[in-house]
Each structure stands twice: as structure tokens, then as C-alpha cells.
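> with the sequence up front, the predicted model follows.
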Amino acid sequence: MERPEPELIRESWRAVSRSPLEHGTVLFARLFDLEPDLLPLFQYNCRQFSSPEDCLSSPEFLDHIRKVMLVIDAAVTNVEDLSSLEEYLAGLGRKHRAVGVKLSSFSTVGESLLYMLEKCLGPAFTPATRAAWSQLYGAVVQAMSQGWDGE
């Protein structure tokens, strides 16, 4: 796999990272639109959310959004040396597998990430920027999928 274009990724992330909670909420709202079956995987204190809106407004889920945006930030920061995050990302993959996330859902997460970036960046989300983010996300998923090894 080609290395993603680091400057396109960093430049576009600067705009997104100014409002991580807002943009992370866009990402997860899109994710729940595309794959509603993921909603039941998010339970806090044995509480099942009745709707995506209910989930997206809960303090516990907002904390999850912050964590996801921090992981993306770490990938952006280490875009030129993603191997330094491999062990961490594989562990994150294991955690996701343990709560019932299927590896196939990561393609929907990728679509949701690109959707969020497009909504945030507007015309600045060029085909080259989309390609760079697709490559970066692909590398992250490849590392996280090691958490599914042995299935």
C-alpha cells in the first residue's frame, strides 16, 4: 500500500480538530444511519439507547466520540510512521471485537469518516484528500484487524 499524502491529511485534520466533538458526532450520526444494527453495541451502565439521538447526546457516548477523535489525531500525528501505533491499534481491535463489533463494520466507519470530512471541509475535500484519508484509514483498519486474528 502506498503511504498516504501526509500534508493533505494534516492540513485537512487541522480544520476538523478545532471542533472534534461536533465533527465526531457527524461521523457517528452517519454511522448509525448507514448501519443501525451498531446502536445496540453501545450500552453504558446496562442502559440500552432507544434511538441514535439518545445515544449521541449521552455523556458516556460523547466521551467515546472524544476517544475516537483522539485515535484519529494519533494516526494523523504518526501518519509517516503508523507502525509505531500497530500494537495499540491491534489492542483497540481486540476491544472492539470483544463488544461484538464485526470487522465488516469498519468499511461503514470508513464511509462515515469520509462523509464527516466532506461535510467539514466542503470544497477543500478534494479527490486527492479523499484518497489520502482512504489510505490512512485503510492502514489503521489493517492494524486494528490484527485484533481479530485467530478467529
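It's in.

> what about the nearest residue to residue 51 once chain neighbours are set aside, neighbour count?
Leaving aside its sequence neighbours, residue 51 sits nearest to residue 39 (Cβ to Cβ, 6 or more residues apart in numbering; 8.0 Å). Glycine gets a C-beta too; all of them are placed from N, C-alpha and C. Around residue 39 there are 19 other residues, counting by other Cβ atoms under 10 Å.

> roughly how far does residue 39 sit from residue 69?
19 Å (Cβ to Cβ, to the nearest Å).

> hmm, back to that, so the residue nearest to residue 51 sits against residue 56, correct?
No: taking contacts as Cβ atoms under 8 Å, residue 39 lies outside contact range of residue 56: 9.9 Å.

> what touches both of these two?
Listed as contacting both residue 39 and residue 56 by Cβ atoms under 8 Å, 6 or more residues apart in numbering are residue 32.

> are we agreed that residue 68 is in a helix?
Yes: Residue 68 forms part of a helix when assessed by DSSP: H, G, I helix; E, B strand; the rest coil.

> report the contact partners of it.
Residues in contact with residue 68 (Cβ under 8 Å, 6+ apart) are 24, 27-28.

> for the residue nearest to residue 51, grab phi and psi.
In terms of degrees, to the nearest 10, the main-chain angles of residue 39 are phi -50, psi -50.

> measure it to residue 19 for me?
In terms of Cβ to Cβ, residue 39 sits 24 Å off from residue 19.

> contact partners for residue 133?
Counted by Cβ under 8 Å, 6+ apart, residue 133 has contacts 4, 9, 12, 113-114, 117.

> select from the residues you listed the one having the most neighbours.
Highest count within the contacts of residue 133 by other Cβ under 10 Å belongs to residue 113, 24 neighbours.

> check which residues of the helix or strand harbouring it are buried.
Secondary structure assignment for residue 113, by DSSP states H and E: helix 105-121. For helix 105-121, the neighbour count (16 or more other Cβ atoms under 10 Å) marks 105-106, 108-118, 120-121 as buried.
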